[in-house]
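>>> Okay, structure incoming, though there's no sequence with it:
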């Protein structure tokens, strides 16, 4: 019998480590002749007891999922030339309407003028530090082309371990996605943001930098 003396095992496992203790007790101990002949079952029970999420992978059933993950990552890593073209591409609203920002997050769907490329303009405000903002432009759902981080206590560490202090902008970089950030004064054409305390003006300047046409209307909160 798989559980053996289940009453004894149940009471001891529940008292010592709860339900995970029960499962781990069953998996670790040769309670019956069935378990050695079922290594995948035993490994699965131990993974469940240890709180592991990748049980399918441990049981040998996660191959297709891993292929999908690899494919997704390869899709994100576009060339630098392609990223530059996407950033410079003119972007318009999918629907010309009034947008409502609840001061936490707003996503505005965009499209290229020929409707062949899709983009998203993200507006985010920190929940605790309400003076921290992120304006971001994405392409093809997941590719971050540009993200402006500004407000109080802005700090970022680049892949070369250089610390960026203060307002900065993340730009897509081949093989690094959005992990590289630049101080605003270090932009190729100079700092294009004139007054970061004016959130509406900064948004308009960010949209201009990303070649986004003026949004019809953003209501409530800072943009009312």
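The structure has been received and is ready for your questions. A quick note: this is a predicted structure, and the numbers were derived from the prediction, not measured.
>>> Please make it C-alpha for all contacts and neighbour counts, starting now.
OK.
>>> just the strands in this protein please.
Secondary structure of the chain by DSSP state E: the strands cover 91-93, 98-100, 105-112, 118-125, 133-139, 143-150, 155-157, 163-165, 168-171, 181-183, 217-219.
>>> Can you lay out these as CSV showing mean pLDDT?
Formatted as CSV, those follow (pLDDT from 0 to 100):
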stretch, mean pLDDT
strand 91-93, 96
strand 98-100, 83
strand 105-112, 94
strand 118-125, 94
strand 133-139, 96
strand 143-150, 96
strand 155-157, 90
strand 163-165, 92
strand 168-171, 96
strand 181-183, 94
strand 217-219, 81
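>>> any weak-confidence spans in this structure?
1-75, 103, 220-224 (pLDDT under 70).
>>> domain assignment for this structure?
Using automatic domain parsing, the domain parsing of the chain gives 6-61, 80-223.
>>> all helices for this protein, in order.
In the chain, the helices defined using DSSP state H lie at 6-28, 39-49, 55-58, 63-76, 80-88, 199-209.
>>> Not counting sequence-adjacent ones, nearest residue to residue 174?
residue 80 (5.1 Å; Cα to Cα, 6 or more residues apart in numbering).
>>> So that neighbour is in contact with residue 173, correct?
Yes: Residue 80 lies in contact with residue 173 (Cα atoms under 8 Å); the separation is 6.2 Å.
>>> which one of the two has more residues nearby?
Using other Cα atoms under 10 Å, the more surrounded residue of residue 80 and residue 173 is residue 173, with 20 against 14.
>>> I'd like the distance between the more buried one and residue 100.
In this view, residue 173 and residue 100 are 32 Å apart by Cα to Cα, to the nearest Å.
>>> picking up where we left off before, for residue 159, see how far away the residue nearest to residue 174 is.
Distance, residue 80 to residue 159, using Cα to Cα: 17 Å.
>>> repeat for residue 121
25 Å.
>>> neighbour count winner among these two?
residue 121 (21 against 11).
>>> from memory that one sits against residue 140, does it?
No: counting by Cα under 8 Å, residue 121 stays clear of residue 140, with 11.7 Å between them.
>>> what's the burial count for the residue nearest to residue 79 when sequence neighbours are not counted?
Closest residue to residue 79 apart from its sequence neighbours, by Cα to Cα, 6+ apart: residue 174 at 5.6 Å. When counting by other Cα under 10 Å, one arrives at 15 neighbours for residue 174.
>>> can the strands of the chain go into JSON lines with extra columns for distance to residue 201?
Putting the strands of the chain into JSON lines (distance: least, Cα to Cα, whole Å) gives the following:
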{"stretch": "strand 91-93", "distance to residue 201": "19"}
{"stretch": "strand 98-100", "distance to residue 201": "17"}
{"stretch": "strand 105-112", "distance to residue 201": "17"}
{"stretch": "strand 118-125", "distance to residue 201": "14"}
{"stretch": "strand 133-139", "distance to residue 201": "12"}
{"stretch": "strand 143-150", "distance to residue 201": "13"}
{"stretch": "strand 155-157", "distance to residue 201": "23"}
{"stretch": "strand 163-165", "distance to residue 201": "22"}
{"stretch": "strand 168-171", "distance to residue 201": "16"}
{"stretch": "strand 181-183", "distance to residue 201": "19"}
{"stretch": "strand 217-219", "distance to residue 201": "13"}
